[in-house]
Each structure stands twice: as structure tokens, then as C-alpha cells.
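[1] what's the 3D shape of this:
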Amino acid sequence: MLRPARLIWANNLDRSSGVTLTRGGHSEPIDLTEVTAVFLSVVVGDLPQGMTDRPSEGPWLGVALQVRDAGGTWLPAAILEPRYNMHAQEPWQAGPFASHASVGQVLAAGSSHNGDKTVPMVLPPLARIRWDVRNWHRGANRPVSFGRTVISLYGR
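    Numbers count the residues shown, from 1 in each chain. The predicted structure is shown next:
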């Protein structure tokens, strides 16, 4: 019988509404020795000004699950670039600014229509979550902030 999934790490444990991300960072190392599959998600509640549906032309957020190899190098296992459908005909089609990925030994490889991923792999004992915030706008020295952002890692 499968054990229920449990929250392993989240960036908003002190603030349930989420955290404002204005620059890159990463979590402390996360112990995955008792974990065979993980679910990583990112949801952004407040988009920065200048957001477009072309990530190379404005504010951008990337979130990665990184695993550590035997030499101590952090390697990307899954990379999320949440996008918002700015051209949706109906409000419900736009959906939240969110993305997710599943990584684990018994998962089949795949990708959905919105770029969410399933990655089959054996998980090494250590992982971390890394996030990067950029502004690709002309005059990119303007700061951007992704408000009410929740990054969560669940495992079983």
C-alpha cells in the first residue's frame, strides 16, 4: 500500500498567503532518503507589471528541483516556468499563474499541454529548490516582484 504524500518543503510555512519573490535563491538541502517520488508546484498570486505571454520579453520566474550528484554538483531534475494565458477568451481559461512537475522512479515520462512535466528517475538522497527572478524587458534594471508566491514540494 502506498503511503500518503506529505509536505516535505514549502517557502511559505510562516505565511500561508505566500511570499514575495524579488530575486533568486534556494532552499537548504532537502533529505529525500525516504522518498521515491515528489510533486513540485509553484503558484503566483500577484503578477508583476509588464507581464506578457512571451517570457523572453518581460518579467520571468523559474523554479527548479535540483538533485545533488556524488561529486556535490546540483543538477536540474525539473524546471518550472509558470505562464499565464493572457489571450484566453474566458477568464477560467487563463487559470492561475502556476506550474507543476512530478519526479520519481515509477513515473512515465510526459508533458501536458501547458508544459507541466512528469520525469522518471531515481531520486538521489539530497535535493534543493532553486528559484530565479529576472526582468527581460528593455531597461531590465527595473526590479520585479512575484507576490503571494507559494512553492511546495510533496513526496511519498
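[2] contact partners for residue 19?
    11-12, 148-150 (Cβ atoms under 8 Å, 6 or more residues apart in numbering). Just so you know, the C-beta spots here come from the backbone N, C-alpha and C atoms, and that holds for glycine as well.
[3] switch the cut-off to 6 Å
    With contacts defined as Cβ atoms under 6 Å, 6 or more residues apart in numbering, residue 19 is in contact with 11-12, 149.
[4] do residue 60 as well
    Counting by Cβ under 6 Å, 6+ apart, residue 60 makes contact with 134, 136.
[5] beta-bridge partners for the residue nearest to the spatial centre of the chain, please?
    Central residue of the chain (Cα atoms, centre = their mean): residue 63, 3.7 Å from the mean position. Judged by DSSP bridges, the bridge partners of residue 63 are residue 80, residue 131.
[6] among the contacts of residue 19, who's most crowded?
    Compared across these, residue 149 has the highest neighbour count, 24 neighbours, by other Cβ atoms under 10 Å.
[7] just checking, next helix/strand downstream of the least confident helix or strand in the chain by mean pLDDT?
    Lowest by mean pLDDT, DSSP states H and E among the helices and strands of the chain is helix 91-94, with a mean of 52. Sequence-wise, the next helix or strand downstream of helix 91-94 (DSSP states H and E) is strand 97-104.
[8] what about that following strand, distance to the chain center?
    Here strand 97-104 is found 7 Å from its chain centre; the criterion is Cα atoms, centre = their mean, to the nearest Å.
[9] where do the strands sit along this structure?
    For the chain, the strands defined by DSSP state E cover 6-10, 19-21, 25-26, 30-31, 37-46, 59-68, 74-80, 97-104, 110-111, 117-120, 126-135, 146-155.
[10] how about the first one: buried residues?
    Using 16 or more other Cβ atoms under 10 Å as the test for burial, strand 6-10 gives 8-10.
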